[in-house]
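Asks: how would this look folded up:
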Amino acid sequence: MNETSKNNNPAMEIYNRPLGPTDVNYVDLIASYIGGKNNHSDAMIFKNSIDIQNVTKLNQMVQRVVINRYLTNKLLIFRTRSNVNINGILPLLANDGLNEDWLTVVREFVIPFIKDHRVLQLA
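Replies: Residues are numbered from 1 along each chain as shown. Purely as a prediction, here's the structure:
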């Protein structure tokens, strides 16, 4: 593949599109959900992940996919170490649907599960 064809790849153009000036930064928002009132260490675990750091300035679509992948991987590692059933949580990390719905589900169901089970500290 030559340099010109790499630069004209529409998927890479979408992936590398920066966060817009009016867009919500999902990395910061999810970190604030994880951190809550006094859980700043988990928020830092999340934000210090190289995968999360790599998308901090990228568009919302890319942030959502990478955040979902990060949380899914942490939940799967947690399940193997703890033998806790995550079947009710894992499907909630969908890459389709409205962003507002996704944020609500993550805030109200996924993050509380992660906090209650200390997933980020165990995984």
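
Asks: what's the following helix or strand after the helix or strand of the chain with the lowest mean pLDDT?
Replies: Least confident element among the helices and strands of the chain, by mean pLDDT, DSSP states H and E: helix 3-7 (a mean of 52). Helices and strands here follow DSSP states H and E; after helix 3-7, the next one along the chain is helix 10-15.

Asks: helices or strands next to that following helix in the packing?
Replies: Packing contacts for helix 10-15, counted by 3 or more C-beta pairs under 8 Å, 6 or more residues apart in numbering; DSSP states H and E, involve helix 60-82. Where C-beta positions appear, they are placed from N, C-alpha and C, glycine not excepted.

Asks: For the helix it packs on, what does the pLDDT average out to?
Replies: For helix 60-82, mean pLDDT rounds to 96.

Asks: With stretch 109-122 instead?
Replies: Averaged over stretch 109-122, pLDDT sits at 94.

Asks: Give the buried residues for that stretch.
Replies: For stretch 109-122, a neighbour-count test (16 or more other C-beta atoms under 10 Å) marks Val110, Ile111, Phe113, Ile114, Lys115, His117, Val119, Leu120 as buried.

Asks: Asn68 and Leu90 touch, don't they?
Replies: No. If you go by C-beta atoms under 8 Å, Asn68 and Leu90 don't touch, sitting 10.1 Å apart.

Asks: and the gap between the residue nearest to the spatial centre of the chain and Pro10?
Replies: Nearest to the centroid of the C-alpha atoms of the chain, with distances taken as C-alpha atoms, centre = their mean, sits Ile67, at 1.3 Å. In this view, Ile67 and Pro10 are 23 Å apart by C-beta to C-beta, to the nearest Å.

Asks: Mind telling me what element Phe113 is part of?
Replies: Taking DSSP H and E as the definition, one finds Phe113 inside helix 111-116.

Asks: who does whichever helix or strand comes after that helix touch, helix- and strand-wise?
Replies: Tracing the chain past helix 111-116, the next element assigned as helix or strand by DSSP H and E is helix 119-122. Packing contacts for helix 119-122, counted by 3+ C-beta pairs under 8 Å, 6+ apart, involve helix 40-48, helix 60-82.
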